Each structure stands twice: as structure tokens, then as C-alpha cells.
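Engineer: next one to model:
(one chain, ligands or ions: 2)
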Amino acid sequence: MPDPATLLVADDDPGLRESLERTLTREGYRVVVASDGRAALERLQAGGVDLVLTDLKMPALSGIELLHAAKAIAPDVDVILLTAFGTIEEAVKAMKDGAYDFLTKPVQRAQLQRVIRSALERRQLIQQNRALQQRLDALLRQGAVIGASPAFRRMMTLVEQVADSSATVLVQGESGTGKELVARAIHERSARRNGPFVAVNCAALPETLLESELFGYERGAFTGAAGRKEGRFELADGGTLFLDEVADLSAVTQPKILRVLQEGELERLGATKTIRVDVRVVAATNQDLAQMVRDKRFREDLYYRLNVITINVPPLRERREDIRVLAEHFLRVYAAKNNRHLDGFADEALGRLEGYSWPGNVRELENVVERGVVLARGVQIDLPDLPEEIAGATPLPEGVLTVRIGTPLAEIEQRLLEATLRATRGNKTLTARLLGIDPRTVARKLERWDETAEQGEDDRAPA
Ligand SMILES: Nc1ncnc2c1ncn2[C@@H]1O[C@H](COP(=O)(O)OP(=O)(O)OP(=O)(O)O)[C@@H](O)[C@H]1O
Ligand SMILES: [Mg+2]
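Structural biologist: Ligands and ions are numbered 1, 2, ... in the order given. This next block holds a predicted model:
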């Protein structure tokens, strides 16, 4: 059984007040009463009221004044006015000011019931609608690129820089690091954002099917080609074509792609007419394409065409600062999707997430958080809600920063400084002392990093 609705009845006539209270209580409502407008307003401010029934003429604060105040402090609580004979005109005016309805005294029981029920139904619909809207907003934010680490910010700066050119971009990174998301981010930040974003997975289709997908075909081009079909290159005209798993292109298809990239033109299979297309290509791979070129498994000329700009998406274990923000983002998304109210991770659980090696990268983290949202018994995701291999992972020791060999010094400097600041709870003087540098140097460096990060700022989730 859902909670009964709470009705606030305001009337200065004790007899009427009590009779209404009795009637409505018998019908299953919770009823609170007020003997004048001021008391009613106070009760309304205290919260928990679903609907107001008020007399029009009351001492201290009239029904109309109460209505205006109610609209200001609790706009989605409806007000029904009870009017004596002769005040109808005033009641009609009140309707214009936002009253839900008015009833003339003596109030008919059936009518009272009907008006209350429909007002409460409307309120429920409005509330459901708002909840859905909030869930939708959370879901839409699923497309946002989230991250906080210096490596992530540097990558997003590069994304911003390349977006506006039409240069081909090669996005490289391990499986699940977010390559497709980066490709979409490039498209959305480019002048082509209103054009189509078309994705093709080069590994998913056998060679001939892939070619007919990419270039399209004319009727009768091959057995089974009943009509003509536009290829993905044509569909992406004016937009971006995302060539996913590009390392899997066959030796036959590779030169055909090279031609489109070089000349901007192609023919549908079985056609003689040449079609010109204006397409920006973003390619992605989780393989070492340069090595494949050396091994003669990928054409060198195509490699250089694709690789005008390379964006490397680092594995998650090399940007551990992103784990927390990503985990919190996915928690919001999946809690909304599953209609669960969760307010975060238990410290211990978060520690394990931050310490784990994430071979499946962000996709694995996303799956683990989704699972945790479903399993969580409390208001937080806790250790038992994590898969065994993660719950059993050694938590990252406090005060330790892991750095991969070959990390640029500038990045190590930034990570170390930011980690020290976190550890000292933002104390710049202490941070400077620990690191053996001047406090002004700390301030200056932070300022500079803030400036370079500003562009990527919109991409980060609100904390
Ligand atoms: N920085 C990020 N912020 C938010 N979500 C992310 C981020 N990176 C990855 N994801 C999410 O992780 C999942 C995997 O990302 P994506 O599909 O882009 O990875 P990928 O590198 O293309 O993987 P694969 O190599 O397996 O194709 C997606 O659901 C994506 O939305
Ligand atoms: Mg992908």
C-alpha cells in the first residue's frame, strides 16, 4: 500500500473543519488541520503536505493570500478553495491565480472526493514526470567523456585541438579504454557535428560484405543485389566516418580505402559513375599498427594516411585518478537506470577499485559498477558487491604513486604535486615544504594547469 496522501484543511469554522477532517480521514487520507491562514502556511512550510483545502475567508491570512504563498513555497502542492455562497466571483479569480478548483459550501461529498482524487493524480503524474526527466538527464550524460587525471586532460586537449580540422585521426588504445567515445567526442566538437556520425566495424564483416557496406552497390552488382544501396562513406557525407578495428582491413580493401582518403571519391560496386564525398575519417585500433606495417601486414601508405594525428588513449591502470570519477559517474548512470538510490562507494570498496589493474579498462569498470548497483543491499556499493578478483585485490597503499617507465617528467610533476596537495588537504604551504619548492611555484603551476585544463572542463562530470 502506498502512503496515504496528506491533506491540509484550513478553515476558521471549527464545526466545518472537524466535519471535513472526519470525512476525509474515513476515506483513508491523513488530515492535518489549521484554524487560520497563518497556521496553514506554517504547516505547509514544514513539508509533507500533498494538497491544501482552504476556506476563502479566514482571519490572519485569507485563502487567496494562502494560495499565493503556497504557489511560492510549494509550487507543486495544489490548492482547492472552499467558498461560501456569494464569494464565487472571488473564487473564479483565484482559479486564474493558480487554484486547482473551488467547491461551494455546503460541500457535496461526492464532488469533494472527485476533486481531491483528480488533484492528487495530477500531482503524482507531475512527480513521475520529473523523476523520469531526471533519469533521462542522467542517461544522456552517458555520452560524456569523464576523467580527471593529467593524462586524460592532455588527451582531451588534443581532441579539442584536432576536432576542427578535417585531418584523419588514428585513435589507439587497449580494448575498452574509450576509443569510440573519443571518436564521437571529436565529431561532436567539430564543425561537422550536425552531420552524421557513421561507425563501421571493419572486423565484424567478411571482406566482400564490408566493401558493399562501405562503398554501396548498384542493382545487379552481384547475385542478390536486388536494389541499389548507398555505402557508409556516402551516408557519412558531411560528417564523420568511424572506421573501428581498422587493423582488420583486408589487403584487398586497404587500397580502396586509401583511394577515398586521397581523392575523396569512390564508385559503388557495379557502378561506372564516380561519387565525390566529403567525409572526415577517424580510425581506431587496439593493435600496434606501426608494428603491423613493419611486418608487412598493413599497407604503409594507408598507415600514414590514417595516422595524420594519433591519439593514444591510455589504459586505465596508468591513470588511476580517473577510476574514482568514472566509478562515481557510472554509479549515477546505473542507479538512475535501475531506479536505485545509492549515494556512493564504501571507502574500502573504492580502495579496491583504485588498486585493481583493470585489464578490460573502462568497459570492465563500467560493468563492475553496474553489477554493484544491482547487488548493493545498502545505500553504498561495498566490498561484497564487487567481484571476487577485485574485492581480493591489494588496495593501493596510502601515499604511493605508481609511475610507468617512460612517463614524461612534466606529467610526473603534475601528478605528484596534485597527489601531495590531496594528501595535505589542499595545504599549499605544506605541499611546497614537502616537495622542497617555493609555495609561489606551487601556486603558479596550479594556475597554469588550470588554464590548460579549462577547455576540457565541460567534459568532466560535475563532482
Ligand atoms: N572517459 C570515459 N568517460 C565515460 N565513459 C567512458 C570513458 N571511456 C570509456 N567509457 C565507456 O566505456 C565503454 C567502452 O568504451 P569504448 O567502446 O569507447 O571503448 P573502445 O576503446 O572502443 O573498446 P574496444 O577496443 O573494445 O572497441 C563505453 O561504454 C564507454 O561509454
Ligand atoms: Mg570500440
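Engineer: up against ligand 1, what does the stretch 251-400 of the chain have?
Structural biologist: Within the stretch 251-400 of the chain, the positions adjacent to ligand 1 are 286, 326, 362-363, 366 by CB under 6 Å from any ligand atom. C-betas here are computed from N, CA, C, even on glycine.
Engineer: which two of those have the greatest separation?
Structural biologist: By the measure CB to CB, 286 and 326 form the most distant pair in those, at 18.9 Å.
Engineer: more neighbours, those two?
Structural biologist: residue 326 (23 against 18; other CB atoms under 10 Å).
Engineer: quick one: pLDDT of the residue of the chain found nearest ligand 1?
Structural biologist: Using CB to the nearest ligand atom, the single residue of the chain nearest to ligand 1 is residue 178, 2.6 Å away. Listed pLDDT for residue 178 reads 96.
Engineer: show the contacting residues for it.
Structural biologist: Counting by CB atoms under 8 Å, 6 or more residues apart in numbering, residue 178 touches 145, 313, 361-362.
Engineer: I figured residue 148 hits residue 321, correct?
Structural biologist: Yes - applying CB atoms under 8 Å as the test, residue 148 and residue 321 come out as touching, 5.3 Å apart.
Engineer: where along the stretch 101-250 of the chain do the strands fall?
Structural biologist: 101-104, 169-173, 197-201, 216-217, 229-230, 240-244 (DSSP state E, counting those that start in this stretch).
Engineer: any chance of CSV for the ones you listed, columns distance to residue 13?
Structural biologist: Formatted as CSV, the strands of the stretch 101-250 of the chain follow (distance: least, CB to CB, whole Å):
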stretch, distance to residue 13
strand 101-104, 15
strand 169-173, 74
strand 197-201, 67
strand 216-217, 80
strand 229-230, 76
strand 240-244, 71
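Engineer: need the residues of the stretch 101-250 of the chain near ligand 1, please.
Structural biologist: 145-147, 173, 175-181.
Engineer: swap the cut-off to 8 Å and go again
Structural biologist: 142-147, 152, 171, 173-183, 244-245 (CB under 8 Å from any ligand atom).
Engineer: now the buried members of those residues.
Structural biologist: When these are checked for burial by 16 or more other CB atoms under 10 Å, the buried set is 142, 145-147, 152, 171, 173-174, 176-179, 181-183, 244-245.
Engineer: so which of those residues sit within helices?
Structural biologist: Among these, the members found in helices (DSSP state H) are 152, 179, 181-183.
Engineer: as a markdown table, those with distance to residue 211 would be great.
Structural biologist: A markdown table is the format used below for these (distance: CB to CB, whole Å):
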| residue | distance to residue 211 |
| --- | --- |
| 152 | 37 |
| 179 | 23 |
| 181 | 27 |
| 182 | 26 |
| 183 | 22 |
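Engineer: and residue 420, helix, strand or coil?
Structural biologist: The local conformation at residue 420, judged by DSSP: H, G, I helix; E, B strand; the rest coil, is helix.
Engineer: quick one: neighbours of it, just the number.
Structural biologist: 19.
Engineer: quick one: contacts for it?
Structural biologist: Residues in contact with residue 420 (CB under 8 Å, 6+ apart) are 431, 434-435.
Engineer: by residue count, tell me the biggest helix in the protein.
Structural biologist: Max-length helix for the chain by DSSP H is helix 109-140.
Engineer: so which elements touch it?
Structural biologist: With contacts taken as 3 or more CB pairs under 8 Å, 6 or more residues apart in numbering; DSSP states H and E, helix 109-140 sits against helix 14-26, strand 51-55, strand 78-83, strand 101-104, helix 321-337.
Engineer: now these in JSON lines, with mean pLDDT?
Structural biologist: Conversion of the helices and strands packed on helix 109-140 to JSON lines gives the following (pLDDT from 0 to 100):
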{"stretch": "helix 14-26", "mean pLDDT": "94"}
{"stretch": "strand 51-55", "mean pLDDT": "95"}
{"stretch": "strand 78-83", "mean pLDDT": "92"}
{"stretch": "strand 101-104", "mean pLDDT": "90"}
{"stretch": "helix 321-337", "mean pLDDT": "92"}
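Engineer: present those as TSV; the columns should include distance to residue 187.
Structural biologist: Converted to TSV, the helices and strands packed on helix 109-140 look like this (distance: least, CB to CB, whole Å):
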stretch	distance to residue 187
helix 14-26	58
strand 51-55	49
strand 78-83	46
strand 101-104	51
helix 321-337	21
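Engineer: can you tell which of those is closest to residue 211?
Structural biologist: helix 321-337 (37.2 Å).
Engineer: now the following helix or strand past the closest one: buried residues?
Structural biologist: Sequence order places helix 347-355 as the next helix or strand after helix 321-337, per DSSP states H and E. Within helix 347-355, the residues scored as buried using 16+ other CB under 10 Å are 349-355.
Engineer: spatially, which two of those residues are the most separated?
Structural biologist: Across the buried residues of helix 347-355, the longest distance by CB to CB is 10.9 Å; it joins 349 and 355.
Engineer: re earlier: which one among the contacts of residue 420 gets closest to residue 451?
Structural biologist: residue 431 (19.5 Å).
Engineer: enumerate every residue touching the closest one.
Structural biologist: The neighbours of residue 431, taking CB under 8 Å, 6+ apart as the test, are 417, 420-421, 424, 442.
Engineer: change it to 10 Å
Structural biologist: 416-425, 437, 439, 442, 446 (CB atoms under 10 Å, 6 or more residues apart in numbering).
Engineer: CA atoms of the strand or helix carrying it as CSV?
Structural biologist: Using DSSP H and E, residue 431 falls within helix 428-435. C-alpha atoms of helix 428-435 as CSV (Å, rounded to 0.1, in the frame of the first residue of the first chain):
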residue,chain,number,x,y,z
LYS,A,428,49.9,24.7,-0.5
THR,A,429,52.5,25.7,2.1
LEU,A,430,52.9,22.2,3.5
THR,A,431,52.9,20.8,-0.1
ALA,A,432,55.7,23.2,-1.1
ARG,A,433,57.7,22.3,2.0
LEU,A,434,57.3,18.5,1.4
LEU,A,435,58.3,18.9,-2.2
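Engineer: around the closest residue to residue 98 other than its chain neighbours, how many other residues sit close by?
Structural biologist: Leaving aside its sequence neighbours, residue 98 sits nearest to residue 71 (CB to CB, 6 or more residues apart in numbering; 5.1 Å). Look at residue 71: counted by other CB under 10 Å, it has 16 neighbours.
Engineer: compute the distance between residue 71 and residue 99, please.
Structural biologist: Relative to residue 99, residue 71 is positioned 9 Å away (CB to CB, to the nearest Å).
Engineer: now the common contact residues for these two.
Structural biologist: Shared contacts of residue 71 and residue 99 (CB under 10 Å, 6+ apart): 78-79.
Engineer: on that earlier part again, now for the ones in helices among the buried ones among the residues of the stretch 101-250 of the chain next to ligand 1, which pair is the farthest apart?
Structural biologist: The widest separation within those (CB to CB) is 15.9 Å, between 152 and 183.
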